[in-house]
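Visitor: A predicted structure for the sequence below; I have some questions about it.
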Amino acid sequence: MKSFMMRGTKILATGSAVPDSSLSNHKMSEIVQTSDEWIFTRTGIKERRLLTGVNQSVADLAILASRKALDKISMNPQDIDLIILATSSPNDLFGSASQIQCKLGAINAVAFDLTAACSGFILGIVTASQFLQNGSYRNILVIGADVLSKWIDWSDRSTCILFGDAAGAAILQSCSKEDNSILEFQLNTDGNYSNHLSISYQEEINPHPILNLYQGSFKYVVMNGKEVYKFAVSQVPLSILKCLKSLNISVGDIDWLLLHQANERILKAVAEKLSISSSKIIANLSKYGNTSAASIPLALDEALQDKKISHNDIIVVSGFGAGLTWGTIIMQWKSY
């Protein structure tokens, strides 16, 4: 019988993966009317990675990131109880998590997809924590992965310059309350603004001749950049402050600010609103662009590899994007 005594959550390992193919701002200027200076001054992006080649999908990147995380702690995939794949670009509309479960050899794991775009990894971590804290599962693999290059209109300068492909993974395990790493979370959704960032389903003009059934297909990423910027800069700081208040800790206690890597202007504006030094911002946006659900775990994994983050550091992690959804996790990093 499973124990339902409330426990804590710790992150055992992280991993990340990016495609080999890169697209610089200079090369982008051959595709649409733009320039390196125009893109960099407005976004902070210098290049992005694209998943090219035949039969390459989000699952391939997710599997590679997951294997790297597993290898760091020499964990057998069969010890994973649950796989949560946060993605908005599955290679199967019914979900890609089960493909990952099979190819990883995680034969004992339940697997499902979670769709929340750029907030997906945050929601995945929070969802996993609930299962761990109530004793339902012991080891959970949370993956944030997206290949939005496959859903971009490459003639639309407002979106094609922003997005890149990547995957990031984290292995979470239940632990004692004393070793708990996930201190607090706060989640929000406001569907009134869902049209500001979407990949919408578009019906065909003519119905089926007998059934009178309108079929269709999903189109490209559409974004109202100004509104998304306003939403992020106004709502993300409020979410962070609410989390800090519930823990009775101050902005001064924050060691690192890890935001969804959407736009350098957003990162700096949120930090400025909170009076957080820019030196505390974790950012790799210039190399990868906006990788949606992958951006936070990718940046976290790189910061850990670079040994920026130390034992017991307080990390504020916030995701925001399509839905519109946003959320914050306050994390105290534990080195094992």
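Guide: The structure has been received and is ready for your questions. Since the structure is predicted, the reported quantities are computational estimates derived from the model, not experimental observations.
Visitor: now for residue 148: which residues touch it?
Guide: Taking Cβ atoms under 8 Å, 6 or more residues apart in numbering, we find residue 148 in contact with 88-89, 163-165, 221, 290-292. (C-beta placed from N, C-alpha, C; glycine too.)
Visitor: residue 88 and residue 293 touch, don't they?
Guide: Yes: here residue 88 reaches residue 293: they are 6.7 Å apart, a contact under Cβ atoms under 8 Å.
Visitor: for those two, indicate the residue with more neighbours.
Guide: residue 293 (35 against 24; other Cβ atoms under 10 Å).
Visitor: what secondary structure does the more buried one sit in?
Guide: Following DSSP: H, G, I helix; E, B strand; the rest coil, residue 293 is assigned to helix.
Visitor: roughly how far apart are it and residue 233?
Guide: 21 Å (Cβ to Cβ, to the nearest Å).
Visitor: chain center to stretch 31-51: distance?
Guide: Here stretch 31-51 is found 21 Å from its chain centre; the criterion is Cα atoms, centre = their mean, to the nearest Å.
Visitor: flag every buried residue along that stretch.
Guide: Buried positions in stretch 31-51, judged by neighbour count with 16 or more other Cβ atoms under 10 Å: 34, 36, 39, 43-51.
Visitor: next, format the residues you listed as a markdown table and append distance to residue 246 and pLDDT.
Guide: Below are those laid out as a markdown table (distance: Cβ to Cβ, whole Å; pLDDT from 0 to 100):
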| residue | distance to residue 246 | pLDDT |
| --- | --- | --- |
| 34 | 43 | 95 |
| 36 | 43 | 96 |
| 39 | 39 | 97 |
| 43 | 33 | 96 |
| 44 | 31 | 97 |
| 45 | 34 | 98 |
| 46 | 38 | 98 |
| 47 | 39 | 97 |
| 48 | 36 | 98 |
| 49 | 37 | 98 |
| 50 | 40 | 98 |
| 51 | 39 | 97 |
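Visitor: just the residues you listed: which are in helices?
Guide: Judged by DSSP state H, those include 36, 39, 43 as members of helices.
Visitor: of those residues, just say which sits nearest to residue 175.
Guide: residue 43 (38.6 Å; Cβ to Cβ).
Visitor: measure that closest one to residue 164 for me?
Guide: Distance from residue 43 to residue 164, by Cβ to Cβ: 12 Å.
Visitor: can you name the farthest residue from the center of this protein?
Guide: Largest separation from the mean C-alpha position in the chain: residue 210, at 43.2 Å (Cα atoms, centre = their mean).
Visitor: and the pLDDT for it?
Guide: Among the per-residue scores, residue 210 holds a pLDDT of 91.
Visitor: in a helix, it, correct?
Guide: No: counting by three-state DSSP, residue 210 is not part of a helix but coil.
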